[in-house]
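Visitor: Predicted model and sequence follow; I will ask about them next.
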Amino acid sequence: MPTFNSNGTEIYYQEEGEGLPLVLLHGLTSNSEMFRHEIDEFKKSYRVIAPDARGHGNSGKPPHYELEDHIRDVIGLVDYLKLDSFYLIGVSMGSYIAQGVAIELGDRVKKLVLVATKSHGKQASMEELFDRYADEMKGMTPIDKMVAASKYMFHNQTAVGKWLHETAENSEQLTLHEQAIASKALEGFDFRDDLHRISAETLVIGGLHDGLNPPDYGKETAGLIPAGAFLEFKLSGHAPNVEQHSLFMEVVSNFLE
C-alpha cells in the first residue's frame, strides 16, 4: 500500500497506468475508491495517481486539519513522485484542493478540471444545505439528514446509490466524528482573489440539479480563471462523473487530449 509522509501524516495513494500523470482528488468524507471506474478507464492512457486526503480512507486521521493541509499534502505528493507537470481533476472538496494546488504550482498543472465546485465558502456545502432545510430536517439523526439531503444533491439517484454502495464496500468509511472533523476543515476558504494566478487551461463542470454547489458557483469560478470555461451537465446533480459517466469521460478525455 503506497504512502508518503506529509508533515507527520501518512498519505495513501493509488497509482495505476503509464503515460502523462493525471492526479484525481476526491470529495468530502469519500476516498480514492470513488474514482474506481475513472481510474480503470484513464489508466489506459495516463499514469493515474489518486490519493486519499488526510482524515479520509487509508490515510492518517489527525484530530484537526484545514484545507491548506490538504493542499500541502497534494503538493508534497507530486514533489515526492517528482512530477514536473501533470493533469489535475478535483471533484467537490477535491476541486477546492485542486484550485489551491493550481494557484501555487502555476504551469506545473498542465490542464485542470473542476467538478461540482465553488471558489469560496463559510462552511462545508453540506452544512449549508442542512441550514437551508433546517425546518424539514429538525430532529433528524445525522444519517437521516444525509438521506433527506440526497434529493437536493443528485438527479440520477439510481446511479449515485449504486456508486455509493460500491465505494462503501471497497473502502474504509469515516465515523460521524471523523466526518465532523473533515467538514470543519472546509470552513472559511476563499480563492477568488487568487484564481487569476491559475495558468492552466481549465474546464469547470457543474450539474444543473446540484443543490449542494449549484451551477452558478461553477460559473463564477470559471469566470475568475483566465483560461476557464464552464460546462453544465443537464441530467446531473452533484456527481456529474457518476450521473452522466459516459458524457463525463468523453468530455474530459477530449479536453485533456
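Guide: Everything's here; your move.
Visitor: what's the neighbour count on E68?
Guide: Using other Cβ atoms under 10 Å, E68 has 12 neighbouring residues. C-beta: built from backbone N, CA, C; applies to glycine.
Visitor: So it: helix, strand or coil?
Guide: helix (DSSP: H, G, I helix; E, B strand; the rest coil).
Visitor: And the pLDDT for it?
Guide: pLDDT, E68: 98.
Visitor: With L212 instead?
Guide: 93.
Visitor: what's the helix or strand for it?
Guide: Using DSSP states H and E, L212 sits within no helix or strand.
Visitor: for V78, same thing?
Guide: Counting by DSSP H and E, V78 is part of helix 67-80.
Visitor: Specify the next element, helix or strand, located C-terminal of that helix.
Guide: strand 86-91.
Visitor: Any idea how many residues pack against the closest residue to E16 other than its chain neighbours?
Guide: Of all residues not flanking E16 in the chain, K43 sits nearest, at 4.3 Å (Cβ to Cβ, 6 or more residues apart in numbering). Using other Cβ under 10 Å, K43 is surrounded by 17 other residues.
Visitor: Kindly report the same for N31.
Guide: 24.
Visitor: do G17 as well
Guide: G17, neighbours per other Cβ under 10 Å, totals 18.
Visitor: start the count at 46, not 1, going forward
Guide: Will do, 46 is the new start, and the previous item becomes G62.
Visitor: Isn't it up against K89?
Guide: Yes. The pair G62 and K89 passes the contact test of Cβ atoms under 8 Å, sitting 6.8 Å apart.
Visitor: hmm, back to that, quick check: the gap between the residue nearest to E61 and A98.
Guide: 21 Å (Cβ to Cβ, to the nearest Å).
Visitor: Next: D124.
Guide: 17 Å.
Visitor: Can I get the helix holding V123 in CSV, CA atoms only?
Guide: Extracted in CSV, the C-alpha atoms of helix 112-125 (Å, rounded to 0.1, in the frame of the first residue of the first chain):
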residue,chain,number,x,y,z
LEU,A,112,-8.0,22.9,3.7
GLU,A,113,-4.4,24.3,3.5
ASP,A,114,-3.2,21.0,4.9
HIS,A,115,-4.9,19.1,2.0
ILE,A,116,-3.3,21.5,-0.5
ARG,A,117,0.2,20.9,1.0
ASP,A,118,-0.4,17.2,1.0
VAL,A,119,-1.0,17.1,-2.7
ILE,A,120,1.9,19.4,-3.5
GLY,A,121,4.0,17.2,-1.3
LEU,A,122,2.8,14.1,-3.2
VAL,A,123,3.6,15.4,-6.7
ASP,A,124,7.0,16.6,-5.4
TYR,A,125,7.6,13.1,-3.8
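Visitor: Going along the chain, name the helices of the stretch 46-195 of the chain.
Guide: 81-87, 112-125, 138-150, 170-177, 179-182, 187-198 (DSSP state H, counting those that start in this stretch).
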